[in-house]
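Enquirer: Here is my input; please provide its structure:
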Amino acid sequence: MINATLTKIEQGITEKVTPENREAFQKAIIAGGKIMFDPKTHAHMEIVKNPAARKEPVKTVALGVSGLMWVMFMQSKRTMPIEVLIMAGTVLMTKAIDFVERGIGIPFDNDMIAQCTKILAESLFNKLGITPEQLNEAIQAGKQEMSNDWRSKNGGAMRFHHVAQTELTPERFQAFQALPGHFQ
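Expert: A predicted model of the protein is given here:
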């Protein structure tokens, strides 16, 4: 990758994948990359086939990767771990941005990358039935609990709250926290 920020994001995400999900993460990256860049399917990428989509490259990339990850998630019969869904999606987003920069000639600055990450995360969590407001509440509650529990007799074990009838599991919360530019 030519963009140092994209390389840092990919390395940072990859380092944070839990050992039990590493194999699924790598498989998702390989499968997603094949779908995005195989000559048979590459021409179907919105940013490739539709020049009008290039007017909003941030949104086009984010929603394209979100759609791809959702199809992969559904094809797994919803067995793909949420951590893999979010983290592999973010890495595939960096690969899509790299393609857009080098192949189409549309540069992405750090603000565009952050916005793309945010749109991707919002879209995936929305597909999972989790709103930005619910995420913000869960993040704040998790931060507070981390602060309170860190020195507690439980050895800093972190507990998570259900927020407004969501299915926000610790795995989803952890995957979201690992994203650059997450809701604040």
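Enquirer: buried sites along stretch 20-32?
Expert: The neighbour-count check on stretch 20-32 (16 or more other C-beta atoms under 10 Å) flags 21, 24-25, 28-29, 31-32 as buried. For the C-beta atoms, the positions are set from N, CA and C on the backbone; glycine is no exception.
Enquirer: With stretch 123-136 instead?
Expert: Buried residues in stretch 123-136, counting neighbours by 16+ other C-beta under 10 Å, are found at 123-125, 128, 130, 134-135.
Enquirer: for stretch 47-58, same thing?
Expert: By neighbour count with 16+ other C-beta under 10 Å, stretch 47-58 contains the buried residues 47-48, 53, 57-58.
Enquirer: what about this protein, any weak spots by pLDDT?
Expert: Applying pLDDT under 70 to the chain flags residues 147-184.
Enquirer: Show me the helices in it, by range?
Expert: For the chain, applying DSSP state H gives helices covering 4-16, 22-37, 39-42, 46-49, 57-75, 82-99, 110-127, 132-150, 170-177.
Enquirer: and among those, the most buried is which?
Expert: Most buried of those, by mean neighbour count (mean count of other C-beta atoms under 10 Å): helix 82-99, with a mean of 25.
Enquirer: Please name every helix or strand in contact with that one.
Expert: Identification of packing neighbours for helix 82-99 by 3 or more C-beta pairs under 8 Å, 6 or more residues apart in numbering; DSSP states H and E yields helix 4-16, helix 22-37, helix 57-75, helix 110-127, helix 170-177.
Enquirer: a markdown table for these, including distance to Ile97?
Expert: Output for these, formatted as a markdown table (distance: least, C-beta to C-beta, whole Å):
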| stretch | distance to Ile97 |
| --- | --- |
| helix 4-16 | 6 |
| helix 22-37 | 11 |
| helix 57-75 | 6 |
| helix 110-127 | 7 |
| helix 170-177 | 20 |
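Enquirer: Val71 and Met36, how far apart?
Expert: Distance, Val71 to Met36, by C-beta to C-beta, to the nearest Å: 12 Å.
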